[in-house]
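# Structure, please.
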Amino acid sequence: MIPYGRQSISDADVKAVVDTLQSDFLTQGPAIPAFEEALAKYCKVPYAIAVNSATSALHIACLALDVKAGDRVWTSPISFVASANCALYCGAKVDFVDVEPDTGLMSVKALAAKLQQAAANNTLPKVLIPVHLAGHSCAMQQIATLCQPYGIRIIEDASHAIGGSYQQNKIGSCQFSDITVFSFHPVKIITTAEGGAALTKDMALAARMQLLRSHGITRNPDDMTEVSHGPWYYQQIDLGLNYRMTDLQAALGLSQLKRLDIFVNQRIEAVANYSALLQNLALELPQECSTGQSSWHLYIVKLHDENLRLSTFETLRAAGIGVNVHYIPIHTQPYYQKLGFQWGDFPQAEYFYSRIISLPLYADLTQKSQDYVASVLKKIPGLQ
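Modelled structure (predicted):
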C-alpha cells in the first residue's frame, strides 16, 4: 500500500532517540527546551511551547486567550474536528466561516460579511482560528485587518504548514496572529511521533501556556502567593493540564527539524511531478499560494464530476493506493448537528468536500510510486 502520508526516519533520528533513552531524562529534561529554542529560531518568533499534540496546543492557546463560557470562537468547517473542539473544551460557542471553493481556505469575503452581521447582532467572536489547509496559508493580512477593529484575537491553526511561508516570513512568525499552532503527527511535515507546539510573540501568553501545559504548577518564587518553603516547593496557581511533551519526542523533533527544508523541497518536487503527470485528466490540480510558499502537507485534487469520487476512491484503494479525503465538513458531524448545525449551512465548504481526494504525498514518495498513481487514475472511466 502506498500511504497518503508517512514519516521519514533517518539513522540520525534513531540515534537522537536512543541517546535520550540512555540519558538521565526521558521527560521534563533538556531536550524539550532545546527543541523549543530551535523551533522558535526557525520561525523567527520569541517563544515556542512544545506539547503532546496540536489539539492540546489549540486548547491551551484558547485558554491563554481567556476563552470561556459565553464567548464565541469561529473557525473553518474544512478542517479536522480539533480546530473547533478546542473552543468547546473551554465552554465557548463555536461557529464557522465558509471557505473559498477552489482552495478550501477561509474566505475573506465570507468573513467580512459574517463580521458585519455579527457586529450588528452583538455576536462577535472573541477568537478566530483560520486553518492553513494542506500547508497553504490563509490570507492572514486581510483576515487580521478585518479582525483588528473588533479586538478579535487570532490563532493560526498551522498544523499542516510548518516549513511554509507567507509574505516572505515563515509560517509561525505570528506576523498577523497572537498564536500559531503546529502538529508533529507522523503524517505531518516533521514528526515527534505525536506532538504539537504553540508559538507566540507575546511573553505573557507564552508564560500562561507554559503554566497550563503542566497542571498549572509553578516553581518560580516570583509567581507564588507566599514565600517558598524551600528548593522542593511548588504551587498550583491555575487549573492546568498534563499536556507535556516527553524528551524522547523532543529529541526526535529536534533531529527532524534539521531536515525540515529538505522535506519541504522534496514535497515541492513531488507536487511538480504530479502536475506534469496529471495535467490532462478531468481533475482540478492544487496550485501554489500567490502570497507565499506552501509546505505541501497534502495534495488535494478535485474531480470535475463529483459523481465519480466514490468509484475513483475505491479503484485507487483497491490498487494499493492509500488515498484519503480531507476533510468532512465539521458542521456536518453528528455531534455538531446536535449543536444546531446542518447540511446546507456552509455551501462552499460542502461543495469543496464533495469533489476532493488526497493523493499520496510525503518526503520519501518515489517517482515510481507517482507514476503508478497516475497510471491507475488514467484508466478510470470518466477521468480521461
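
# only C-alpha atoms for contact and neighbour calcs from this point on.
Fine.

# all helices of the stretch 51-200 of the chain, in order?
For the stretch 51-200 of the chain, applying DSSP state H, counting those that start in this stretch gives helices covering 54-64, 82-89, 108-121, 140-147.

# okay, the nearest residue to Ala161 once chain neighbours are set aside: pLDDT?
With Cα to Cα, 6 or more residues apart in numbering as the criterion, Ala161 has its nearest non-adjacent residue at 4.0 Å, and that residue is Gly135. Note on Gly135: pLDDT of 98.

# which residues does Gly135 contact?
158, 160-162, 164, 294-298 (Cα atoms under 8 Å, 6 or more residues apart in numbering).

# Using JSON lines, lay out these together with neighbour count.
Converted to JSON lines, those look like this (neighbours: other Cα atoms under 10 Å):
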{"residue": "Ala158", "neighbour count": "27"}
{"residue": "His160", "neighbour count": "28"}
{"residue": "Ala161", "neighbour count": "31"}
{"residue": "Ile162", "neighbour count": "31"}
{"residue": "Gly164", "neighbour count": "26"}
{"residue": "Ser294", "neighbour count": "28"}
{"residue": "Ser295", "neighbour count": "28"}
{"residue": "Trp296", "neighbour count": "31"}
{"residue": "His297", "neighbour count": "28"}
{"residue": "Leu298", "neighbour count": "29"}
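
# where in this structure is pLDDT low?
Scanning the chain for pLDDT under 70 picks out no residues.

# In it, which helix is the longest?
In the chain, ranked by residue count with DSSP state H as the criterion, the top helix is helix 260-277.

# In terms of secondary structure, what does the helix or strand just after that one contact?
Scanning forward in sequence from helix 260-277 by DSSP states H and E, the next helix or strand is strand 283-284. Packing partners of strand 283-284 (3 or more Cα pairs under 8 Å, 6 or more residues apart in numbering; DSSP states H and E): strand 299-303.

# what residues are up against the residue nearest to the spatial centre of the chain?
By Cα atoms, centre = their mean, the chain has its centre lying nearest to Ser159, at 1.5 Å. By Cα under 8 Å, 6+ apart, the contact set of Ser159 is 54, 132, 181-184, 188.

# quick one on the thing from earlier: which of the helices of the stretch 51-200 of the chain is buried the deepest?
helix 54-64 (a mean of 26; mean count of other Cα atoms under 10 Å).

# Which strands and helices lie in contact with that helix?
Going by 3+ Cα pairs under 8 Å, 6+ apart, helix 54-64 lies up against helix 82-89, strand 179-183, strand 196-200, helix 203-212.

# how far out from the middle of the chain is the first one?
To tie it back to what came earlier, the one meant is helix 82-89. 13 Å (Cα atoms, centre = their mean, to the nearest Å).

# what residues does that helix touch?
55, 58-59, 62, 67, 73-76, 93-94, 129, 131, 157, 330.

# Could I get the CA-only coordinates of stretch 22-39 as PDB?
Taking C-alpha atoms only, stretch 22-39 is exported to PDB below (Å, rounded to 0.1, in the frame of the first residue of the first chain):
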ATOM      1  CA  GLN A  22      20.200   6.200  27.600                       C
ATOM      2  CA  SER A  23      20.300   9.600  29.300                       C
ATOM      3  CA  ASP A  24      19.100  10.700  32.700                       C
ATOM      4  CA  PHE A  25      15.900  12.300  31.300                       C
ATOM      5  CA  LEU A  26      13.000  10.700  29.500                       C
ATOM      6  CA  THR A  27      10.700  13.600  30.200                       C
ATOM      7  CA  GLN A  28      11.000  17.100  31.500                       C
ATOM      8  CA  GLY A  29      14.600  17.200  30.600                       C
ATOM      9  CA  PRO A  30      16.900  19.300  28.400                       C
ATOM     10  CA  ALA A  31      15.600  18.000  25.000                       C
ATOM     11  CA  ILE A  32      12.400  19.900  25.300                       C
ATOM     12  CA  PRO A  33      13.800  23.500  25.700                       C
ATOM     13  CA  ALA A  34      16.400  22.700  23.000                       C
ATOM     14  CA  PHE A  35      13.600  21.700  20.600                       C
ATOM     15  CA  GLU A  36      11.500  24.800  21.600                       C
ATOM     16  CA  GLU A  37      14.500  27.100  21.100                       C
ATOM     17  CA  ALA A  38      15.300  25.600  17.600                       C
ATOM     18  CA  LEU A  39      11.700  25.800  16.600                       C
END
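
# Residue ranges of each domain in this protein, please.
11-257, 260-378 (automatic domain parsing).

# who wins for proximity to Met1 among those domains?
Met1 lies closest, by Cα to Cα, to one member of those: domain 260-378, at 4.4 Å.

# residue at max distance from the center of this structure?
Max distance from the centre of the chain (Cα atoms, centre = their mean): His229, 42.0 Å.

# re earlier: tell me which of the domains of the chain is the most buried.
domain 11-257 (a mean of 20).

# can you tell me the helix or strand for the residue farthest from the centre of the chain?
Under DSSP H and E, no helix or strand contains His229.

# Now do it against Thr218, distance only.
13 Å (Cα to Cα, to the nearest Å).

# now swap in Pro77 and tell me
Where Thr218 is concerned, Pro77 sits at a distance of 37 Å (Cα to Cα).

# export the helices of the stretch 51-200 of the chain to a markdown table and tack on distance to Cys289?
Shown next, in a markdown table, are those (distance: least, Cα to Cα, whole Å):
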| stretch | distance to Cys289 |
| --- | --- |
| helix 54-64 | 24 |
| helix 82-89 | 22 |
| helix 108-121 | 15 |
| helix 140-147 | 12 |
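
# so which of the ones you listed comes closest to Leu199?
helix 54-64 (9.2 Å).

# Could you tell me the angle between the closest one and strand 179-183?
Here helix 54-64 runs at an angle of 160 degrees relative to strand 179-183 (axes from the mean of the first three to the mean of the last three Cα atoms, to 10 degrees).

# now helix 54-64, how far from the chain's geometric center?
That offset, for helix 54-64, works out to 12 Å (Cα atoms, centre = their mean).

# just stretch 175-193 next, same as before
For stretch 175-193, the distance to the chain centre is 6 Å (Cα atoms, centre = their mean).
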